[in-house]
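>>> Give me the fold of what follows.
(chains A, B, C, D, E and F, ligands or ions: 5)
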Amino acid sequence: MWKWINSFAKPEKAYWLCDVLQNWFAVVATASLVIGIVWGLGFAPSDYQQGDSFRIIYIHVPSAILAMGAYVAMAIAALVGVVWQWRTAFMFMIAIAPVGAVMTFISLFTGSFWGKPMWGTWWIWDARLTSQLILLFLYLGVISLYTAFEDKQQAGKAAGVMAMVGVINIPIIHFSVEWWNTLHQGATITKIGKPSIALEMYWPLLICIVGFATFIGWVTIVRMKNEIIMRDLHRPWVAKRFGGLVDLEAAVANEKDMKGGQ
Amino acid sequence: MSVLLAQQLVCEKSDRQLFSDINIELSSGQLLYVTGENGAGKTSLLRILVGLSAPATGKVHINGFDIHKDMPSASQGLLYFGHKQGISQLLSALENLQFWCQQHDVKATEEAINGVLAELGLTGLEDIAVKNLSAGQQRRVALAKLWLQQDASLWVLDEPFTALDVHLIAELEAKITLFLKSGGTVVMTSHQKLSIDYPISNLHLDYSW
Amino acid sequence: MSVLLAQQLVCEKSDRQLFSDINIELSSGQLLYVTGENGAGKTSLLRILVGLSAPATGKVHINGFDIHKDMPSASQGLLYFGHKQGISQLLSALENLQFWCQQHDVKATEEAINGVLAELGLTGLEDIAVKNLSAGQQRRVALAKLWLQQDASLWVLDEPFTALDVHLIAELEAKITLFLKSGGTVVMTSHQKLSIDYPISNLHLDYSW
Amino acid sequence: MVALKSVFLKDLALAYRQRAELMQPLMFFVLVITLFPLAIGPSPETLQRIGGGVIWVAAILSLLLGMERMFRDDFADGSLEQYMLSPTPLYMIVVVKVFTHWLMHIVPLFLISPLLALFLHLTFDMYVALMLTLLLGTPLISFVGAIGVALTVGLHRGGVLLALLLIPIFIPLLIFATSAIESASMLLPYHPQLAIIAALLLFSVALSPMAIAYSLKVSQN
Amino acid sequence: MVALKSVFLKDLALAYRQRAELMQPLMFFVLVITLFPLAIGPSPETLQRIGGGVIWVAAILSLLLGMERMFRDDFADGSLEQYMLSPTPLYMIVVVKVFTHWLMHIVPLFLISPLLALFLHLTFDMYVALMLTLLLGTPLISFVGAIGVALTVGLHRGGVLLALLLIPIFIPLLIFATSAIESASMLLPYHPQLAIIAALLLFSVALSPMAIAYSLKVSQN
Amino acid sequence: MTFQFENMTDFFNMGGYAFFVWASFIGTFICMFGILFQSLYVSKKIKQGVEKETVRAQRIMAARAARKIKQQAKIKEVSNEPKT
Ligand code: HEM
Ligand SMILES: Nc1ncnc2c1ncn2[C@@H]1O[C@H](COP(=O)(O)OP(=O)(O)OP(=O)(O)O)[C@@H](O)[C@H]1O
Ligand SMILES: Nc1ncnc2c1ncn2[C@@H]1O[C@H](COP(=O)(O)OP(=O)(O)OP(=O)(O)O)[C@@H](O)[C@H]1O
Ligand SMILES: [Mg+2]
Ligand SMILES: [Mg+2]
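Ligands and ions are numbered 1, 2, ... in the order given. Model (predicted):
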């Protein structure tokens, strides 16, 4: 088992896995996003307090939760990369970072567009909102650090350290509603035990969460494949697969012959 | 036992493979002369050998210790001299060398250091901040370490002759020969011809893309 | 008329006089070879000659213009090649040279530049950012200017051979000879022996304190 | 002209190659602004009152930090030496470089500013005043700042020193700009302040290129 | 031990040779703080309310600017390579270096702070709280910040990037520190906040040396 | 499981919150499609790049071989000279 997992440290194997998973993720993501959003927008009952504005929940909550989830996934990948020296772990890390950043951004602006009708303001400096904004900056920091390095091997390690240091922000975001009293809603869905929300509203939300999660997976896989090829550009397996012509060895051998002949 | 043992070294920079399958085994009293064109990867190889950068695959043992796992023990008898000189620009030559001696457990009095500096033609410049010396003079301060460290068993020198004038090149070559004869091991690169009266094993790195 | 005329140059750094009373007069087709130990002041002299730093006293005229007063006219036919290479690390070799040509009113098509780069052994590396090339390869990109600039009358080269391998040194020496024979003037420094088949006038700077 | 255009294009190309880096002063700007509500407390009235000042301070700081890079690379790789030895006078090249730098660093700042005005609860009038003062004030910062950059370029560790040299010089600018925004918040006219800033700008554009070119020559020595 | 002591002495000597530079972050600190009364208006109540926050923000920014230099010179001249090849483990050397840096950069800040408290009309209780939070918080900044410095030391143009990486991480610290000062201004107890900061400090002192050493090795690659 | 709105106009009106609801949904879709298409586009670009790199590698090796021949020819010339 362990050996089998370890074999995905090889880019070639990881690429194969990505190829296998990609279409599954694409199908599940499209289907559940369509179902969840149509259900949420048209068929879920409207909230007695918030009216129809509450329908924003079907994108706000999935994106908010998964923005944090993606960060944790990224940090775990970084840990794996640093400890076991998996090259592919760093590739996963940098593949998911922009996706997570986009999710964070979505949660920020949907929250903002929800806050205007509900709280009467676009933005307020409360703990949850601020810490979510910081999450965006943590993502951007990891990405900037990665791009700043020339050597991507080095870049992966450096950005990995940064990603792990930033993890402290995750519990702060989650518990911010309890530590500081704020305008923002407390935990309803992520509460342990029974969710305190009507089931007709709950189901489409769950489906949306699944949709967002698989969507993140899908895009991450595509990006990871890009990353793998980009990093292994000069390895034979890439050339064999995409290059078409590989006379590189021939050229080298040719040159060596000439030197030998002299 | 071999002083330096490198197995199956592969080096990758960005997405390019500089070299692969380098195997080196050096025992006491051997001189390895690494040659190759600009960009062939000489500096990269040397930095891997002393543990400053990690190879893509492969292992390096110095005096029996794995340099990438157990750096403090492996680097005990190692002296590396790279493109960067490892001396602080703001300190004087003397202070720099005193500090270096304390770091590396080398016992050397101030007179000893001054003596070495004099030997290298830096009399009178001992207490001037290094940044005010010329390129070649700075290089000499850094080279003084070779004169000070008595109990090293392996020298790794990356283009030690750059920026030196002819006299000093000759002196340095003599120093290297002496060290080899006393049982030391040397790995070095240079673009100049080496005129040392000692058997040289050559490692040529081919430029590959 | 003399191409380069320097009178009574004195150079002081901090509180030290590097050299004094340097007088140089070079006419077309002459080669001045400046030698001296590390720190003797070769670089300092060359930078004064091209107007990049000001002498304590003295004047420099190039093609009849005072370089410190009227830099744009005086530097018309001048090509300076210093310790720094004057190429942007982020641009490719081709872009760097194109930019340099535009700056210096040199008419050179892309093919011409590519041709010169190929001559210097940089085929295939034309569109890679310079920072990804090795020290010697970068040096070659900078040297390509010597091949491109056709109507310069004075070359000032500060250690042009550093970091180059043997082949290219030979080629560069040939290039310099060719330029001299076509009526150019050259001022250069180097720590290596110059093997040029052309009369050399030597200026030795003594190390002084 | 060809030479100047090529300087412009080269700097654009360089900025494009480092576009990730181009975003950094911008993110720094946003971060410094978020620090304040956190440190001072979230009450909208307080934020509104200090908003204009905070945005200006953050703009000055982030421009200063980004500015360091204006001549640094050219100095380090010797391009600057080549500029001096080229037939085009140095001060003209300098104008082009400063202008390009301003263009690359200020446009993102303008794009993000509506968002920040929102964060700090600025009114629309204050927002307009802020934009106008930034539009006139930032080129002034670039031109005067460039003198400082040119002076410290040889020192390798310009960052803080640069900020120190320049912040006192920018204090008058800051005072006029914030007073314009304050007038706007009270719906009073603020032409006089704008006129003063504009005058300062013209003055600096006229004089600073020579000063910058001279400073660059000095740091070569 | 001899080796560690010599690192300490060397860094002291280097700092002393550059003592003019040592003053820079301090002057930056003072300048940023003086910018505020200018940008916001001189009313004592406003200043008192925002005073603690402003001092903390200024402290973070000025420490960040000075921090860049922590490993820069050693990296540039190759001393860092020599540290790695020396018999003393790197993380121990790193602790000494961070500590020395903190000592050299924070003491002047403490010396100047009574003056600034006066500028900003802080009460005595607020002043005590400010000092206590600074005493506990600034080593935290140094240790965590050193990770960022180590990561960016090979990039040559760390300045802004460094700030960008570190400011988000310091924000929780800032929140706790300012909330302590606010409690002090209302004569409420503020042990809980101090306890949290102290806990963070211990945590970071325990873990960051390894992270710093690892990052430095990565930068060498 | 019933449609909650009387008619489509009602649906698009979202109980008076039309702007906020539709703006956030549309914005979300733009972001999601943006990142998806950017990734797919890059993947296409990279595969083209792989071919370019192989071509480059061949060019470099060919040019180096050519140079070597030229240099050896030169050396031969030199070594031949004294004999003749
Ligand atoms: C820009 C503004 C906003 C931001 C940054 C934001 C951020 C977040 C985050 C990060 C979460 C996930 C928390 C967790 O799982 O621990 C979340 C959940 C949630 N948000 Fe928001 N939010 C914003 C505005 C709003 C508004 C205006 C409302 C409604 C009035 C709202 C309602 C919710 C609800 C119901 C949840 C689910 C709570 C749970 O079950 O944990 N949010 N939000
Ligand atoms: N970070 C990097 N990214 C991409 N390529 C790199 C990087 N670092 C080094 N290289 C490449 O590695 C090659 C080897 O560099 P190295 O410094 O080892 O050469 P060298 O043999 O020491 O050459 P020289 O004689 O010029 O010193 C160079 O061709 C360079 O282009
Ligand atoms: N800013 C300065 N302050 C003090 N002394 C300086 C300064 N700059 C240079 N020097 C001194 O000037 C002398 C000459 O330096 P220069 O670089 O001209 O030497 P060089 O002949 O080119 O030597 P090399 O062969 O090593 O390149 C050196 O001895 C150096 O100590
Ligand atoms: Mg090298
Ligand atoms: Mg020189």
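>>> so where's chain D uncertain?
Scanning chain D for pLDDT under 70 picks out D:156-163.
>>> For burial, what's the neighbour tally of residue D:144?
If you count neighbours by other CB atoms under 10 Å in any protein chain shown, residue D:144 ends up with 23. C-beta coordinates here come from the backbone N, C-alpha and C atoms, glycine included.
>>> mind listing what it touches?
D:166, D:169-170, D:204, D:208 (CB atoms under 8 Å, 6 or more residues apart in numbering or on different chains).
>>> Let's see that with 6 Å instead.
D:169, D:204 (CB atoms under 6 Å, 6 or more residues apart in numbering or on different chains).
>>> do the same with residue A:154
Taking CB under 6 Å, 6+ apart, one finds E:218, E:221 in contact with residue A:154.
>>> Quick one: mean pLDDT for the strand or helix carrying it?
According to DSSP states H and E, residue A:154 maps onto helix A:152-165. Across helix A:152-165, pLDDT averages out at 92.
>>> next structured bit after it?
helix A:169-179.
>>> The helix or strand just after that next one: which residues count as buried?
Where DSSP H and E defines the elements, the next helix or strand beyond helix A:169-179 is helix A:199-231. Buried residues in helix A:199-231, counted by 16 or more other CB atoms under 10 Å in any protein chain shown: A:201, A:204-205, A:207-231.
>>> What of stretch F:14-28?
Buried-residue list, stretch F:14-28, by 16+ other CB under 10 Å: F:14-15, F:17, F:20-21, F:23-25, F:27-28.
>>> The closest residue to residue F:53 other than its chain neighbours: how many residues sit nearby?
In space, and not counting its chain neighbours, residue F:53 is closest to residue A:233: 5.6 Å by CB to CB, 6 or more residues apart in numbering or on different chains. Residues near residue A:233, counting by other CB under 10 Å, number 20.
>>> Please apply the same query to the one 3 residues further on.
In terms of burial, residue A:236 registers 13 neighbours under the definition other CB under 10 Å.
>>> separation between it and ligand 2?
Here residue A:236 is placed at a distance of 20 Å from ligand 2 (CB to the nearest ligand atom, to the nearest Å).
>>> now do residue A:115
46 Å.
>>> One more: residue B:111?
Counting by CB to the nearest ligand atom, the gap from residue B:111 to ligand 2 is 37 Å.
>>> Please apply the same query to residue D:211.
Distance from residue D:211 to ligand 2, counting by CB to the nearest ligand atom: 38 Å.
>>> With residue C:70 as the reference, measure out to that residue.
20 Å (CB to CB, to the nearest Å).
>>> More neighbours: those two, which one.
In this view residue D:211 and residue C:70 are compared by other CB under 10 Å, and residue D:211 has more residues nearby, 18 against 14.
>>> So that one belongs to a helix, correct?
Yes - counting by DSSP: H, G, I helix; E, B strand; the rest coil, residue D:211 falls inside a helix.
>>> Next, the buried residues of stretch D:38-58.
Within stretch D:38-58, judged by 16+ other CB under 10 Å, the buried ones are D:38-42, D:46-47, D:49-58.
>>> Please see if that stretch touches chain A.
Yes - among the residues of stretch D:38-58, residue D:42 lie within reach of chain A under CB under 6 Å from any CB of the partner chain.
>>> you'd agree residue D:11 is up against residue D:102?
No - Residue D:11 lies out of contact with residue D:102 (CB atoms under 6 Å); the separation is 11.0 Å.
>>> Which residue does chain D have closest to chain F?
residue D:115 (13.9 Å; CB to the nearest CB).
>>> That residue sits in which helix or strand?
Per DSSP H and E: helix D:90-119 holds residue D:115.
>>> That helix near chain A anywhere?
Yes - counting by CB under 6 Å from any CB, chain A has neighbours in helix D:90-119: D:118-119.
>>> low pLDDT regions in chain F?
Looking at chain F by pLDDT under 70, you get F:75-84.
>>> what about the residue of chain D closest to chain F, how many neighbours?
Using other CB under 10 Å: residue D:115 sits among 15 other residues.
>>> what about residue B:61, is that helix, strand or coil?
strand.
>>> So what pairs up with it in the strands?
Beta-bridge partners for residue B:61, by DSSP bridges, are residue B:5, residue B:66.
>>> so it makes contact with residue B:7?
No - with contact defined as CB under 6 Å, residue B:61 does not reach residue B:7; the gap is 8.1 Å.
>>> Between the two, point out the one with more neighbours.
Shown here are residue B:61 and residue B:7; by other CB under 10 Å, residue B:61 has more neighbours (20 against 14).
>>> what residue is smack in the middle of chain B?
residue B:157 (2.7 Å; CA atoms, centre = their mean).
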